[in-house]
Structures are given as C-alpha cells and as structure tokens.
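Asker: got a predicted model here, sequence first, then my questions.
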Amino acid sequence: MTDVVEQSELEAVDRVIIRFAGDSGDGMQLTGDRFTTASAINGNDLATFPDYPAEIRAPAGSLAGVSAFQVQISDHDIMTPGDAPEVMVAMNPAALKSDLHLLTPGGTLIVNNDTFEERNLAKAGYDYNPLEEGDDLSGYRTISVPMTSLTKEACKELGVKPRDAERSKNFFALGLVSWMYSRPIEPTLDWIDQRFAGKDQIIAANKAAFSAGHIYGESAELGDQRVVVKAAPLASGTYTNINGNTALSWGLIAASQLADLPLFLGSYPITPASDILHELAKHKAFGVTTFQAEDEIAAVGAALGASYGGHLGITTTSGPGVALKSETMGLAISLELPLVIINIQRGGPSTGLPTKTEAADLLMAMYGRHGESPMPIVAAKTPSECFFAAIEACRIALEHRTPVMLLSDGYLANGSEPWLLPDVDGLEPINIEFDTEYNHIGEDGEAGYWPYLRDENLVRSMAIPGTPNLMHRIGGIEKEDGSGNISYDPTNHAHMVEVRAERVKRVKVPDIEVAGDPDAEILVVGWGSTWGSITSAMGRVRSNGHKVAHAHLSHLNPFPKNLGEVLEGRTHILVPEMNLGQLSLMLRAEYLVDAKSISKVAGQPFTAGELEQTILEYIEGKSKS
Amino acid sequence: MTDVMDSEAVPETTRADWQSDQEVRWCPGCGDYSILTALQLLLPDLGVRREKTVFISGIGCAARFPYYMNTYGMHSIHGRAPAIATGLALARPDLDIWVVGGDGDMLSIGGNHLIHALRRNTNLNILLFNNQIYGLTKGQFSPTSETGKITKSSPVGLISEPFNPISVAIGAEASFVARTHDMDRKHLQEMFARAHAHSGASFVEVYQNCNVFNDGAFAEITKKDARDDMLINLVHGEPIQFGSEGQFGVVQSVDGVEIVNVSDVGVESLLVHDETRSNPSTAFALSRLASRPNTATPVGVFRAVEREEYASAMSDQVMGVTEERGRGQLKDLLHSLPTWEV
C-alpha cells in the first residue's frame, strides 16, 4: 500500500474524537488501542476512554454487550478523550442503538452493514433497518460498508476458514479509519506479527483485513473524508502511551527502589484494580512479590504482615473490597505501620458498576473506619500522574509509619495518554530507617527499646523482627505512648487519639497551586480524575474572555496548608465531583465556605462541555445580580 | 546483618529469657498457663534466636499469648492472624513464626484464612487452643462446641454440628497435623518441637480447659487416671494400641478405622501408624474416631508429609526471574512499552 496522497495535500484538522463501538466479542478495545498507538507514534497528543460492560461476553448482539473505545487525537495539548465523537464506528445494530446519540450532529458514522439483518436488528430492539428506513441517521454522514463480507473475501485466497476470517473484521474497521486519518501503517502490521506470533493464519487474516479496510478508503471515493491531524507541539523528550493502572504499578516499583525496600503486593482480583496485580506479577526481577490471597481481608493482612517485616506492603482493590479491608486499616493506624491501600474507585454501592467510573469513596477513605482513625489520602489526577501519586503515597506511608489511601478510578485506570518519561535519577529518595539500637533508659537504669517513642513529627520508632535485642510486642489494644504496653488508662487513650490525629496533620503536603486566573471570583476546586475535564472546560470559558480559577487537590488528608487562603473571598466555589458532593461537604465542614457541588454519578466522566456550561451559568448568574 | 549473625552460635537461653516483662493475665487455673510454660521451657532447646522468633495472634484469650513472650510479636485482628503471618513469612522467610489462636478465632471468623494457610503450606507453626467455648466474650458457643450444649447464646441447646479441627486441617491439605492437650507438658513440648521442625504449615490442636466457661470439657480423657484408656497415642511406625494393659487397638475397617479389643484380633492385625502416608484418608479416618472428647481420642501426629513450602517457592520464583533477566532497572521499565521521540 502506498500513500498516493501526500499528507501535506490533505486537509488538516486540529483534533478529532473517534468512537469504536461494537459487540464485546468484536475486539473494539484492541482496535481502539491500536489506533491510539499509531496516533501516539504519529506524535499526536491523545486521551482515551475504554467504555465496556461488566459481562465478559454478554449475549452476542445485545445492547448489554456493547463495548466501546473513545479516543481524542489532536495537534495540541489535550486533557480528555473528548465530549461528543465526530466519527463513530458501529459494528452492529446494538452499537448503533446504544451509542448513536453520542455522535455529534453532522458527524461521520461508519457501519458494518453486514450485521444489519433481522436477527441482530431484533436483538438491538429495532423493528426496522435504520440503514434503510426511518430518520435515525439523518443529520449524519453515513458510510455503510459490508465489512464482514469484504473481510471474508480478502481472506479467501489465504485458506482461512470463513468463520475465522470473520473475526478479523475489526482490523478492516481499523484499516479504514487509519486511512481516513492518515495513520502510519507499519506499526500496526509489526504489532500483528508480534501479537499473533506462531499463528500464521491469524496474522495473514488480520493483515489482509487491515489492508482491505485501508484500500476500501482509497477506492470507495471517500477522498473528501480523508484528513490529517498533525503532530502536537509537545515538550521534547521520550514518550510512551500509558494507562493509569500501568503508571501506578510502575510508580510502586519506583517507590520500592527509592526506599530501597522490597515491594510486597497482597491482592484479590477485582475490577478495575486487577491489572495492577497482573502488571506487578510480571516484574519479579525488581524484587517484587505478588501474593494473590484468599480474600480481600487476607490480601491487606498479608500486606500489613510484610510491612511489619520491613517490606513496602501494598494492597490494591476497588468498590466492596475497600469495605472488607477497613478493619485492617484500623489495625495499621493503631500499630502505626506503613501500608498503602490503593482504591481504584468504581460505581457503587455494592457491586454497582464494576467497569464504570465513579469517585464516591472519598468520605469512606476519610471516615470509613470505626473509632477515631485518621489516614492520609492521596488522589491521582491523570493516567500518567498515577506514577507520581503512587510514589507520594508510599513516601507518606513509609516516612510517617501510617496507612495511606491512594485514590484512582476506573477512568484513570483504563484511560491512556502520552507520557513524557521522567528522569528516574531525579526522583527524590524515600527515607526510612529501622532502629537497630536501644532507644530508652528505664527506671532501673537499664537500656531498653520503646516502640512508641516519637520524633518531632510524632513518627514512632520502628524496629523490624530479626533485629537483635529490640524484641517488643505491638497490638491493636490501646497502648501506652512510649513503651507500647497495653494501657486502659483513660488519659492515655485520650492522648493517643489526639496523637494519631495530629500525626496525620503533620504530614507535609505541598501548597496547592491555582491555575487559570488566580484572583477570579469563581474558583473551581477539583480532586482526582476530574482534572482533565475541568482544565478543558476552564480553557473554553477563559478563551471567551471570562475569568475563572482552578485549584486541584492531590492531597485530601491533610489538606494543603494554604487551601483556606485559596478559598477565601470567592463569590462562587464550584466543586465538580463524580459523587453527590463529598469534597464540597469536607470543604464546608473544614473552612465554613459555601462550596457548591456539581455532581455526576452516571458511571461516566464529566465532559468538558458539561462543566463549561455549568461554569458559564454561574458567571451569567453573577452578571445578572 | 542476618548472615553474619546466623553463622555465630545461637546463644544459650533459659525460660526467663523468653518471658516478657508483662504480667500474665489469664484467669487463675486457665489451661493457657500450662501451654505458655511448656513453650517457654521448650524454646531454649530449639536452637533458635529470640529476635528471629515472632508470635502473631488474632483476638481471644489465647491471642494474648504474644504479649507474654520476649520475642517479636503482634496481637492483631480477630481471625486474621494466619493472613498477617503469611505476609510476614513471605517477606521474611528467615523468621520463625508462630500463630496462636482459639477455636473461635481460627475456625469461625478466621476459618477461611486457616484453611488457605494450610493449603498453601507457608512455614508457620499454627497452634489452635481449643476450649470449645468463647471465653473472652464470656461464654457463647463456638464452632467446636458440642451439639446440644447450653450456653448464654444457646440457652435451649446448641443446634449445629461442631467442627472436628483435625478433620478440617487434613481436609485443607495440611502437611503437618497434630493434637495434644494442656495436661501433659511433655507431650505438648514434643508436639511443638515436631511442629517447629516441620517445613511448611504445621497445625497443632491443643485441647485447653477453660475453667470459667467450660470447665472439665476434656476431663473425661485428660485426667490422669483416665488417660491410659481414653487417649490413643499415635506413634509413627508402631501399631496403634492403647489402654492401661494395651488391651485396645485400632484396625482398618470397611469405611475407615475402628477400635477393637486386641485379644479379639491379635496385635499383628492392628493398624501400624504411618504419619507420612501421602494419601490423607487414613489420617482423616483416625481423626473421626472420636467425635467429641468423651470417647477414646487419638493424640499425637496424625500426618507429617513433605510438600513444597510456599514462601521458599515464592522467593525461588523471584530469584529465578531476577537471575534470568538480571536485576530490574527502572529506566528500562519505563521504556518497555513502545516509545517515540518528540
């Protein structure tokens, strides 16, 4: 295949949002992922949003089984996978039915018309064929392609069975869209060779389908559809395309190296956190031990046991798994041992929406344990930033001998973006030293070891098992400060409750920076994965001449010291959250400010458009008053 | 630090060296005292270092054990001690880890962790103090309480069937399973020493009298004048024979094992105890001889088989991969997905 048209002759667009939608068995996640990689190599900035059902294989062709992958590619810096797609690939009637409403008016719809037969139409709830009747598709540019039959045709000469050939139809779609957006071809062909190594028939079929899609674009007079998205002027350096769970896993490995402690992960499989277990299990050469436990409780228990032994103990979970770990978090608070609990938030309560995103565990992270049991909380804001958030959570845990909750969510976990790889030599070491000497002279004049002697940050002494002479016992029963001996003394308990609260307050947290117009009357306060949507919305609002400020929290407990100041004197404080107003509640309680909640709990991230609209309403409301 | 230390001789210790400075606070007359004493007297003979010894417990009367040992120790969460100890053992295979808990702790709230710890065969010495009652919460029935038992929470009689802890352990693929009781220090020490010497998860059920809430639960079999006829001492390689005159024995039967009069069958027909049988069926059958401790009850080692130890297998994997690929470099990791230059 040669590019008959030079890229320079093509119309250039600054960005495009494409959504691949099909049945769970159609390989849409893989198709989207390949398109993303080709775009990344092309130098575009991008952001992705895999949107798939909880069922591994819902009934084929059903609405419940629709799996989609949205990607925005651009020639400039972008923060989100975009609001409404401009191009949608619908591989079957169910995909069309469930996702068509997302397509922007006038957008391009590419459908596999082979699947629009009676049975599939009925499964999707159509009693007519929308490609032929009705006005569902009016207002869109529809490209109706017999992808299945063209794929089978392309594979005919290869001796591939028609049934097997049919499974390559997603590569036809990929080929077609790759042609439309002038994506480089070689990376995908190379990838097919690698991924399916040893399966020559599958390699041949996939390549044939991919080429057929590409050729279809050229030959079917779709020339006016072909555009180019030029490379984005990104900062120079080496980039990789990374999703949140991978970045987070790597951050944990980095933290283990920075602290010079072996990494121990105790985990139990749960969506969408399991990929961290999978990723870390691959990296034993970094001294990583991964332990798949019998349940969530054992997973966090084992991690705490490893921490007690002087390793960096981590547990990963999501949704109901967090609830099961609560008691062990309480023990870790009482023992004052390092532990990192990673919560990849998903829709709840209960099983809720396992594959959809939500950020409704903030109050649980903050208050979800019995007794007064404070714990530092760190939240990641973009997929690549999960790397640094993981290091930060480990740093606090180890340097302050405390459990730390790290909050990510399904959107960050599976979404990806180009990441300018950091200089690993520039990462700051994590300081943890275990005691090896007596630290106390008793009343009898004898030297001894007290596990609850504290430094100026109230961080306790820590000697690990195996250290000669420093044998001591710790436990969840209230203990005397200093000696660590069991104590039921009322004043000691009151003292210890206050010490545990003060310990968390003394965790050093960087001041929050204000983006946009720092002195604006309207301040948007966000946390976690809303960063991208808020930043995009802010850009739009400000480009229309309005002033608005944005403060984004990475530390939810303790809050940055300057947060009170930042909140002061604003006309409106808007808090967009994927919950019913948890951060706004905390801000109201802590700072007595009128923080207004902007809430979305639809299992989907905010679009920039939604937030732009809301911010504008406040600006206009204000101008009226 | 550890290698240098290990090459030196383990210092001689006495019982006093293994006692912490904390006052022991079990009820006077509790069976836990004799178990604590037996272990504190035994440890100096095991050739281990105090700093390398860790006691992990859950919650319950038995779970206070770590506070009384001058070793490292953690009093953790009800039921979770085997899980926490597993993490510690995986991180630190150099340690000698004991897990101590009661029947409620290990078989009720922590049943799941116990069976998986046994299945995985992590190097832990698990001591289950079975008193067939909840003591710390003052007298409710436990998962080993006998059917019909009247307790505070079963005032009209307990409806459910109890667990047989030895059967549970064998069913959970345990590689070392033993039973002893709090009235025989020598036997306690022998079982603890065997458990300690075993590589993998060792499970020891200790019949332990709670003299406040379930006094005399084991008296019918453990009191001095009853033992000969009521305790079936399992000795590896010996015919299973008991009674003051050796008049009783155990033979294989159609569906397991049964007790016979030796005079009826002859000594040569008795089952010779083999704790190393890879098939657990006979050990299981022996565990079923007594459904509750008021009939002749086997004590001793039911099963001791060699099986791969989990923590060392795990660290072998880590070392194997590291050797094969070389120590991981963070920079290489960050460049391991497709990259491009801008």
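Answerer: Noted; the coordinates are in hand. Residues are numbered from 1 along each chain as shown, chains lettered A, B, ... in the order given.

Asker: can you report how many residues lie near A:W250?
Answerer: A:W250 has 27 neighbours, counted by other CB atoms under 10 Å in any protein chain shown. For glycine as for every other residue, the C-beta is placed from the backbone atoms N, C-alpha and C.

Asker: just the mean pLDDT for stretch A:531-540, thanks.
Answerer: In this model, stretch A:531-540 has a mean pLDDT of 95.

Asker: cool, stretch B:42-52 as well?
Answerer: For stretch B:42-52, the per-residue pLDDT averages 97.

Asker: I'd say A:E294 and B:G111 touch.
Answerer: No. With contacts counted by CB atoms under 8 Å, A:E294 stays clear of B:G111, the gap being 10.6 Å.

Asker: run a quick neighbour tally on the residue in the stretch 101-250 of chain B that chain A sits nearest to.
Answerer: Residue of the stretch 101-250 of chain B nearest chain A, by CB to the nearest CB: B:H116 (4.0 Å). Applying other CB under 10 Å, we find 20 residues neighbouring B:H116.

Asker: what strand or helix carries it?
Answerer: helix B:111-120 (DSSP states H and E).

Asker: CA-only coordinates of that helix in CSV, if you can.
Answerer: In CSV, the C-alpha atoms belonging to helix B:111-120 read as follows (Å, rounded to 0.1, in the frame of the first residue of the first chain):
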residue,chain,number,x,y,z
GLY,B,111,-11.7,-20.2,59.2
ASN,B,112,-11.0,-19.1,55.6
HIS,B,113,-7.5,-17.9,56.5
LEU,B,114,-6.7,-21.0,58.4
ILE,B,115,-7.6,-23.4,55.6
HIS,B,116,-5.8,-21.4,53.0
ALA,B,117,-2.7,-21.0,55.1
LEU,B,118,-2.7,-24.8,55.5
ARG,B,119,-3.3,-25.4,51.8
ARG,B,120,-0.5,-23.1,50.7
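
Asker: how far away from the center of its chain is that helix?
Answerer: 12 Å (CA atoms, centre = their mean, to the nearest Å).

Asker: tell me the mean pLDDT over that helix?
Answerer: 98.

Asker: now stretch A:153-167
Answerer: 87.

Asker: in that stretch, which residues are buried?
Answerer: Along stretch A:153-167, these residues count as buried under the neighbour rule (16 or more other CB atoms under 10 Å in any protein chain shown): A:154-155, A:158, A:160, A:165-167.

Asker: also stretch B:274-292?
Answerer: Here stretch B:274-292 shows B:275, B:280, B:282-287, B:289-290, B:292 as buried, counting by 16+ other CB under 10 Å.

Asker: also stretch B:258-268?
Answerer: B:259-260, B:262.

Asker: what do you get for stretch A:572-589?
Answerer: A:572-579, A:581-588.

Asker: re the thing from before, just the ones of the buried residues of stretch B:274-292 in helices?
Answerer: In helices, defined here by DSSP state H, the members of these are B:282-287.

Asker: keep only the residues you listed that also lie close to chain A.
Answerer: Residues of those in contact with chain A (CB under 8 Å from any CB of the partner chain): none.

Asker: rewinding a little: make a markdown table from the buried residues of stretch B:274-292 and add pLDDT to it.
Answerer: What follows is the buried residues of stretch B:274-292, written out as a markdown table (pLDDT from 0 to 100):
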| residue | pLDDT |
| --- | --- |
| B:E275 | 98 |
| B:P280 | 97 |
| B:T282 | 97 |
| B:A283 | 98 |
| B:F284 | 98 |
| B:A285 | 98 |
| B:L286 | 98 |
| B:S287 | 98 |
| B:L289 | 96 |
| B:A290 | 92 |
| B:R292 | 83 |
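
Asker: which single residue of the stretch 51-200 of chain A approaches chain B most closely?
Answerer: A:P187 (7.4 Å).
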